[in-house]
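> Next one to model:
(2 chains)
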2 protein chains.
Amino acid sequence: MNWAISRRAQQLTSSAIREILKVTERPEVISFAGGLPSPATFPVAAMEQAVARIFAGNPQAALQYAATEGYLPLREFIAKRHNVGVERVLITTGSQQALDLIAKVLIDPGSPILVETPSYLGALQAFSLFEPEFVSVPGDDKSLLPEALTPELTAGARFLYALPNFQNPTGRRMPLERRQALVARARELGVLLIEDDPYGELSYHGDQLPSLLSMNPDGVIYMGSFSKILAPGLRLGFVIAPPDLHFKLCQAKQASDLHTPSFTQILAYEVVRDGLLDTHIPTIRELYGKQCQAMLDSLARHMPEGVTWNAPEGGMFIWMELPEGLDSMEILQEAVKRNVAYVPGAPFYASNPRRNALRLAFVTVSPERIEQGVTILGEVFRAAIAKQAPQAKAA
Amino acid sequence: MNWAISRRAQQLTSSAIREILKVTERPEVISFAGGLPSPATFPVAAMEQAVARIFAGNPQAALQYAATEGYLPLREFIAKRHNVGVERVLITTGSQQALDLIAKVLIDPGSPILVETPSYLGALQAFSLFEPEFVSVPGDDKSLLPEALTPELTAGARFLYALPNFQNPTGRRMPLERRQALVARARELGVLLIEDDPYGELSYHGDQLPSLLSMNPDGVIYMGSFSKILAPGLRLGFVIAPPDLHFKLCQAKQASDLHTPSFTQILAYEVVRDGLLDTHIPTIRELYGKQCQAMLDSLARHMPEGVTWNAPEGGMFIWMELPEGLDSMEILQEAVKRNVAYVPGAPFYASNPRRNALRLAFVTVSPERIEQGVTILGEVFRAAIAKQAPQAKAA
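Residues are numbered from 1 along each chain as shown, chains lettered A, B, ... in the order given. This is a model prediction of the structure:
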């Protein structure tokens, strides 16, 4: 029997990242593909103590239905950290759910929405289920270009979705003056900003730039996550929104999963309540900074001429460009044959993909394996460039 | 600033149940309103042991990102229990999420969908975000009427959503011959069945009727839940679907929250793996059966003439009807003034609500408080009937 499915489900295709991740499950593969945080950063001992406290206290509360908005002490913790009223905070089942709720509340079929070039693949997927019209905002190696936001480009846009800090996939960070210009421009044009910030705390040198939220709390929906500072398996994110939108997001959340598991919310609160993040986050920053440097050192040693990449100041990703005309998706097949994986850049573009771009993740691979993997990638790319050269001449 | 929101978000109104639950948080209120399971049934000791095993074993796995489909051992456990292939099983963040995913995959704006009269409010809410056209299937005190499913009524319907076991809100259970007739009829008419079954294991006498799934696995999407047999605060449900639909549901799930928290999935598996449910579920059945009997006894003692109710064979709810012309929503205001709450029946109808109906939940209230609350309700209803009588004469 072929059941009739929705138009949105018909256009769902298998995710490229998902298919690649299947390959990388083989232990012999050196994977620069996954977006997983390092399990070495999970505060396991603190979690074990927190769980013990839950069972010694009132475990029934952690096991019963609870309020859609989330566990109040955790919401208060977040509100204080971001200097907003607690009534604006909604706990979500990972920040992926925040994307789904935002789409539910803000997107009608055909609604224009503005996204960065490139943008986070998981967001493009979540939004596309609600059939918007994607409008790509031009950018450079630093961020989107605020001056590109014209009345024409932004006409009717339900929101602009941005990742100012160490963006997935490029690792780039939006400079302060661009943040100010973006917020001013958005306010002028009446464009709601969605600020997705899972990596904001992961600056290698600890320097943080002000959030868009802090510059205009009534014009920004801010999305945060515990996935990169505690552990992603808890699936805990949050969204801070102006009161009217907060209320609608809560209603959408109630229909989506009633509430985020009480157990994981209380667990996270018990872990962070006494200041663990103040000592824990610096250890993640240090590890990721070292990992990034190892990757940059290996890249400098092994990449052939014509290949370029950036040097992120934080986060989990490096963005690379092969010479024009090469297709990183095709070359991936060769790399995987030699047991090295990365994520091709194309799926991160809502339109006009740069097929020569790719994303490298480096936080879960040891420096020795990074060196090994980059050596192989260098050879694979060199071969691809050599293969292209005669064609280029012929053209 | 008034941000433009989606059409679906505009039609979201505050849930009646939600507003009522706010009132019932006051400890002096005797609440027959909540749909909460009794915390006395949560297997806390088993959970504490399970958590200890997680931390003694491989806690990192419980804290890392994981597969969208869910934790494989838990999926295998469910597959075995329901006699289906594991490739059909998807773990969801509560069965509320299964409703959302089903709606995402199957409903276009204007798609007809068939629902029972009355039906589960949370399902009506989840579905309505995707703007279907609700078609109510006539029923009686036992279940929907399979013979009411005509080609005219079911034309173009994306699915029929049914709760055969101890339905929320009515507590009714669909008899065997109706299940058979429903499955045959649906097959004949090409209608996909959604079987929502959170209460199936809660038969007071332990007798279970075959699921619709078991009668036609390729024509049924089955939704199950751990909320009523373990604990709702874990937010763990599952959906069993024919392979094509399973695949689409997984894609929709990936965009919705990537995956259900690893920690709670592994925790649940560690709790149930060695057969706990075999000894645990009978204790829930016994408790709920006693609670139901206490409620029925109190009702028989205190309800005025003209008020009728059913005697469920399982689950958590009794369905009551006041004399025609009375409005249970209006009368609720009086009941709440006297610190007793229930849920009015109207919100459970997709169309033509019976305003004289109401739902009584009884598993979290002690028999003493049940007696006290029902005494008050009897007085409130008697007063409402008396108030109505002169009007009836005048008419």
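> Neighbours of A:L245, how many?
A:L245 has 24 neighbours, counted by other CB atoms under 10 Å in any protein chain shown. All C-beta atoms are positioned from the backbone trio N, CA, C, and that covers glycine.
> List the residues that contact it.
Residues in contact with A:L245 (CB atoms under 8 Å, 6 or more residues apart in numbering or on different chains) are A:V105, A:I221, B:W3, B:I5.
> repeat that for 10 Å
When contacts are counted by CB atoms under 10 Å, 6 or more residues apart in numbering or on different chains, A:L245 touches A:88, A:90, A:101-102, A:105-106, A:192, A:218, A:221, A:239, B:1, B:3, B:5, B:9.
> Kindly report the same for A:G314.
Shown in contact with A:G314 (CB under 10 Å, 6+ apart): A:165-166, A:171, A:173, A:199-208, A:285, A:288-289, A:292.
> Looking at these, which are in helices?
Using DSSP state H to define helices, the subset of those located there is A:R285, A:Y288, A:G289, A:C292.
> Closest one of those to B:N83?
Set against B:N83, the nearest of the ones in helices among the contacts of A:G314 by CB to CB is A:Y288 (47.0 Å).
> you'd agree the closest one is up against A:V363?
Yes: in this structure A:Y288 lies within contact range of A:V363 using CB atoms under 10 Å: 5.3 Å.
> Please enumerate the strands of the stretch 151-300 of chain A.
Assigned by DSSP state E, counting those that start in this stretch, the strands in the stretch 151-300 of chain A fall at A:160-162, A:193-196, A:220-225, A:236-240.
> hmm, back to that, need the contacts of A:L245 in JSON lines (columns: neighbour count, pLDDT and distance to A:G373).
Shown next, in JSON lines, are the contacts of A:L245 (neighbours: other CB atoms under 10 Å in any protein chain shown; pLDDT from 0 to 100; distance: CB to CB, whole Å):
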{"residue": "A:R88", "neighbour count": "23", "pLDDT": "98", "distance to A:G373": "43"}
{"residue": "A:L90", "neighbour count": "27", "pLDDT": "98", "distance to A:G373": "40"}
{"residue": "A:L101", "neighbour count": "29", "pLDDT": "98", "distance to A:G373": "37"}
{"residue": "A:I102", "neighbour count": "30", "pLDDT": "98", "distance to A:G373": "36"}
{"residue": "A:V105", "neighbour count": "27", "pLDDT": "97", "distance to A:G373": "42"}
{"residue": "A:L106", "neighbour count": "26", "pLDDT": "98", "distance to A:G373": "40"}
{"residue": "A:L192", "neighbour count": "25", "pLDDT": "98", "distance to A:G373": "41"}
{"residue": "A:D218", "neighbour count": "15", "pLDDT": "97", "distance to A:G373": "46"}
{"residue": "A:I221", "neighbour count": "27", "pLDDT": "98", "distance to A:G373": "38"}
{"residue": "A:V239", "neighbour count": "28", "pLDDT": "98", "distance to A:G373": "36"}
{"residue": "B:M1", "neighbour count": "11", "pLDDT": "71", "distance to A:G373": "48"}
{"residue": "B:W3", "neighbour count": "19", "pLDDT": "93", "distance to A:G373": "45"}
{"residue": "B:I5", "neighbour count": "19", "pLDDT": "94", "distance to A:G373": "46"}
{"residue": "B:A9", "neighbour count": "21", "pLDDT": "92", "distance to A:G373": "46"}
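> Which members of those are positioned in helices?
Secondary structure assignment by DSSP H places A:L101, A:I102, A:V105, A:L106, B:A9 of these in helices.
> Return the closest of the residues you listed with respect to B:A268.
For those, the nearest to B:A268 is A:L101 (25.0 Å; CB to CB).
> Check whether the closest one really touches A:K248, as I assumed.
Yes: judged on CB under 10 Å, A:L101 makes contact with A:K248 at a distance of 8.7 Å.
> Quick check: nearest residue in space to A:L189, chain neighbours excluded?
The shortest distance from A:L189 to any non-neighbouring residue, by CB to CB, 6 or more residues apart in numbering or on different chains, is to A:T154 (5.0 Å).
> Distance of that neighbour relative to A:F134?
In this view, A:T154 and A:F134 are 13 Å apart by CB to CB, to the nearest Å.
> neighbour count winner among the two?
More neighbours surround A:T154 than the other of A:T154 and A:F134, with 21 against 16 (other CB under 10 Å).
> Now do the helices for the stretch 1-150 of chain A: every range, in order, please.
Using DSSP state H, counting those that start in this stretch, the helices of the stretch 1-150 of chain A run over A:7-10, A:16-24, A:44-56, A:59-63, A:72-82, A:94-106, A:121-128.
> hey, which helix or strand in chain A has the poorest pLDDT?
helix A:16-24 (a mean of 66; mean pLDDT, DSSP states H and E).
> give the contact list for A:A241.
Counting by CB under 10 Å, 6+ apart, A:A241 makes contact with A:84, A:88-90, A:98, A:101-102, A:105, A:192, A:194, A:213, A:217-218, A:220-223, A:247-250, B:3.
> Identify the residue nearest it in space, chain neighbours excluded?
Spatial nearest neighbour of A:A241, excluding adjacent residues (CB to CB, 6+ apart): A:I221 at 4.6 Å.
> What of A:G94?
In this structure, A:G94 finds its nearest non-sequential neighbour in A:R235, 4.1 Å apart by CB to CB, 6+ apart.
> What residues are bridge-paired with the closest residue to A:G345 other than its chain neighbours?
Distance criterion CB to CB, 6+ apart; nearest residue to A:G345, sequence neighbours excluded, is A:A357 at 2.9 Å. With DSSP bridges as the criterion, A:A357 is bridged to A:E321.
> is it true that A:A357 touches A:W319?
Yes: at 6.7 Å, A:A357 and A:W319 qualify as touching, with contact defined as CB under 10 Å.
> what's the overlap in contacts for the two?
Applying CB under 10 Å, 6+ apart, one finds that A:A357 and A:W319 are jointly contacted by A:P118, A:P169, A:T170, A:W309, A:G345, A:F348.
> Report how many residues lie close to A:G233.
As a burial measure, A:G233 scores 26 neighbours (other CB under 10 Å).
> Next, the contact list for it, please.
The contact partners of A:G233, taken as CB under 10 Å, 6+ apart, are A:39, A:42, A:94, A:227, A:264, B:59-66, B:259, B:261-266.
> how does it look with 8 Å?
Applying CB under 8 Å, 6+ apart, we find A:G233 in contact with B:A61, B:A62, B:L63, B:Q64, B:Y65, B:A66, B:P261, B:S262, B:F263.
> List the single closest residue to it in space, sequence neighbours excluded.
Counting by CB to CB, 6+ apart, the residue nearest A:G233 is B:S262, at 3.6 Å.
> residue in the stretch 1-150 of chain A nearest to chain B?
The nearest approach of the stretch 1-150 of chain A to chain B comes at A:L63, 3.6 Å away (CB to the nearest CB).
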